[in-house]
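Sequence first, predicted coordinates after that:
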Amino acid sequence: MIIPDNYLSLAGISQEELRLEVALIFYQRGNISLGKAAEFAEVSRHDFQQEMSRREIPVNYDIEAFKKDMKTIGL
């Protein structure tokens, strides 16, 4: 769904800002990965992580991700 610009302007937010806000919410809830969130927001992964840092949003990194990383590096 695309929200008409006139509604967004009433709220003082652009389509780009809305996409970023939604991506951050999805990421925080664990609905999507960091990479997919950045893709959804149409920003680089680096820029998305910078925004997370600015807002003090922690990186989601659980035991399964840790085990996968350990396996990848051969430990």
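Noted; the coordinates are in hand. Numbering: from 1, shown residues only.

How much space separates Gly35 from Val59?
12 Å (CB to CB, to the nearest Å). Where C-beta positions appear, they are placed from N, C-alpha and C, glycine not excepted.

Same question for Ala65.
10 Å.

cool, Gly74 as well?
In this view, Gly74 and Val59 are 23 Å apart by CB to CB.

sec struct for Leu24, please.
At Leu24 the chain is in helix, as set by DSSP: H, G, I helix; E, B strand; the rest coil.

where in this structure is pLDDT low?
Along the chain, the model assigns pLDDT under 70 to residues 1.

hey, where'd the helices end up in it?
5-11, 15-28, 34-41, 45-54, 63-72 (DSSP state H).

contacting residues around the first one?
With contacts defined as CB atoms under 8 Å, 6 or more residues apart in numbering, helix 5-11 is touched by 14-15, 18.

Serialize those to JSON lines and add fields for distance to Met52 and neighbour count.
Formatted as JSON lines, the contacts of helix 5-11 follow (distance: CB to CB, whole Å; neighbours: other CB atoms under 10 Å):
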{"residue": "Ser14", "distance to Met52": "19", "neighbour count": "12"}
{"residue": "Gln15", "distance to Met52": "20", "neighbour count": "13"}
{"residue": "Leu18", "distance to Met52": "17", "neighbour count": "16"}
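
still on that earlier bit, which one of the helices of the chain is the most hemmed in?
helix 34-41 (a mean of 18; mean count of other CB atoms under 10 Å).

CA-only coordinates of that one, as PDB, when you get a sec.
Extracted C-alpha coordinates of helix 34-41, given in PDB (Å, rounded to 0.1, in the frame of the first residue of the first chain):
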ATOM      1  CA  LEU A  34      19.200  -6.500   9.000                       C
ATOM      2  CA  GLY A  35      20.000  -6.900   5.300                       C
ATOM      3  CA  LYS A  36      16.300  -7.300   4.300                       C
ATOM      4  CA  ALA A  37      15.400  -4.300   6.500                       C
ATOM      5  CA  ALA A  38      18.000  -2.100   4.800                       C
ATOM      6  CA  GLU A  39      16.800  -3.400   1.400                       C
ATOM      7  CA  PHE A  40      13.200  -2.500   2.400                       C
ATOM      8  CA  ALA A  41      14.200   0.900   3.500                       C
END
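
Thank you, goodbye.
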